[in-house]
Each structure stands twice: as C-alpha cells, then as structure tokens.
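# what follows is a protein structure lacking sequence information:
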C-alpha cells in the first residue's frame with residue numbers, strides 16, 4: 001500500500017503512539033532505523049507493520065531486510081511519501097524504515113542465569129537515553145539480564161530503543177518492584193553491589209567474580225534507602241576533578257566492564 005496523505009488514519013495512529021498512555025493502551029511500540037529493526041527480527045521480534053520511504057534509505061541492505069520481514073514474519077509493508085515519513089519519524093535524519101510491533105515483557109523468574117550470574121538492576125531511571133545506554137552496555141558485557149525497578153522511563157519509548165541500538169531485543173529485560181527484586185536476588189544468592197560516593201572501597205578493589213547484581217539509581221537522587229540498606233557491597237568511582245559523580249549510564253558501564261575484566265583473568 002502506498003500512503004501519500006498526512007491525514008491517513010494509519011499515520012495519525014503512529015503519531016499518537018508517541019504518547020506513553022496511548023502506547024500502553026494499544027500495547028504497541030515504534031522501532032525506527034535499519035539497525036534496530038534488523039536486531040529485533042534477528043531475535044524473533046517481527047513487526048506487524050513496516051513503513052518505508054526509499055528516498056531516505058542509507059545503504060543497499062534495506063530491501064533484503066524488507067523481504068526477510070515479509071517472508072519470515074508476515075510483516076505488512078506500507079510505502080510513504082517523504083513528507084509523510086518525516087511526520088512519523090522520530091529522527092532528524094530519517095533512515096526510511098519505521099516499524100510497529102507489540103510489547104514484550106518478562107518477569108524476574110523468566111531470566112536464565114549463568115554461573116556465576118551477572119545482572120544489572122536499574123531503579124527509577126528517568127532519561128530514555130540513559131536507559132538505552134545501560135541496555136547497550138549490559139548486552140555488550142554479556143550480562144544475564146536487566147531488571148527495571150520502580151520505572152520512570154517507559155522501556156517502550158522509541159528513544160530507549162534507539163539509544164540501545166536495538167539491544168533491548170537481545171538482552172533479557174524484566175520489570176519488578178524493588179522489594180520483589182531484592183527477594184529474587186537473595187533467593188538466588190546474588191550479591192548486591194551499589195555505587196555510592198560515600199563508600200570506602202574503589203570499584204576496582206572488590207571481588208566481582210562471584211554472583212553479582214550491579215544496582216544503579218535515578219540520575220538526580222541515586223538509589224533509594226531501601227536498596228542501600230540491602231546492599232552487600234558499596235563501592236565508589238574515583239572523581240578527580242570538580243564533578244562529584246558520573247552519568248548513571250557511564251557509571252554502569254564502568255562497573256560492568258570491571259566485572260568482565262576480573263572474570264577474564
């Protein structure tokens with residue numbers, strides 16, 4: 001089907017999906033860009049609908065991806081005019097590919113743990129870019145999964161998906177309340193490690209080779225008192241300049257890669 005009108009009902013539907021309340025009602029998320037859509041399909045998440053504008057294609061592999069989605073996922077394809085695609089696109093520089101698919105959710109008990117497990121727990125992360133980067137780093141370090149607690153940012157926000165470069169489809173992600181997550185970690189004998197500027201030990205001086213969960217909190221306020229009371233290990237990241245803390249996604253990345261470094265020795 002070819003769409004040339006900005007008033008097309010499907011276009012209006014996509015624009016409304018920018019609102020979290022409408023996304024939740026429809027249980028539908030937006031995936032934009034070649035890399036994110038490819039990684040979704042590569043992990044068995046096939047869009048229900050794909051909207052394309054060939055004028056914005058960046059490479060030579062788009063048609064192969066479109067064919068894959070049709071053949072393996074039964075995806076319905078809609079071709080649009082430039083002005084129509086710009087209307088639905090989140091990006092300043094569209095890539096000409098935008099897909100719609102349903103929500104996916106996991107519970108903590110759905111996570112498959114390695115031996116020893118490495119998990120990330122993110123409490124009340126506010127900014128989609130930070131959450132997306134945490135997902136990307138967790139995937140890059142081979143973490144067993146990410147648990148979102150007391151969430152502020154919607155996992156299905158298109159900006160989260162973009163910032164994660166589609167890794168939200170390959171990394172197991174569960175959602176749970178903080179107390180339920182604490183109970184889960186204790187039941188599985190997983191050590192709770194929290195980063196705080198008030199800790200005595202540097203993050204490079206503690207043993208991360210065992211079962212461990214790296215806990216990170218909200219950008220402005222950090223971890224809640226509930227988590228700090230339950231933490232088994234508190235560590236700090238040295239701050240040698242005038243800044244007193246790092247961006248939460250940067251701090252998470254440092255902690256995870258330190259765990260990887262220790263486990264590879």
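Received, thanks. In this text the structure is predicted, and so the values were computed from the model without any measurement.

# what's near enough to touch residue 99?
Residue 99 makes contact with 30-32, 37, 40, 47, 49-51, 69, 75 under the criterion Cβ atoms under 8 Å, 6 or more residues apart in numbering. Yep, even glycine has a C-beta here, placed from its N, CA and C like the rest.

# buried ones in the helix or strand bottoming out on mean pLDDT in the chain?
When the helices and strands of the chain are scored by mean pLDDT, DSSP states H and E, helix 225-230 comes last with a mean of 90. By neighbour count with 16 or more other Cβ atoms under 10 Å, helix 225-230 contains the buried residues 227-228, 230.

# name the helices or strands packed onto the strand or helix carrying residue 194?
Using DSSP states H and E, the element containing residue 194 is strand 191-195. Helices and strands touching strand 191-195, by 3 or more Cβ pairs under 8 Å, 6 or more residues apart in numbering; DSSP states H and E, are strand 212-216, helix 225-230, strand 233-236, helix 248-264.

# nearest to residue 91, of these?
Judged by Cβ to Cβ, the one of those that comes nearest to residue 91 is helix 248-264, at 20.3 Å.

# got the angle between that closest one and strand 212-216?
Helix 248-264 runs at 170 degrees relative to strand 212-216, counting by axes from the mean of the first three to the mean of the last three Cα atoms, to 10 degrees.

# off-centre distance for helix 248-264?
The chain centre lies 17 Å from the centre of helix 248-264; the measure is Cα atoms, centre = their mean, to the nearest Å.

# for residue 79, what are phi and psi?
phi -100, psi 140 (degrees, to the nearest 10).

# ok, for it, nearest residue in space, not its chain neighbours?
residue 2 (5.0 Å; Cβ to Cβ, 6 or more residues apart in numbering).

# ok, the one you found to residue 54 distance?
Remark: distance between residue 2 and residue 54 (Cβ to Cβ, to the nearest Å) = 11 Å.
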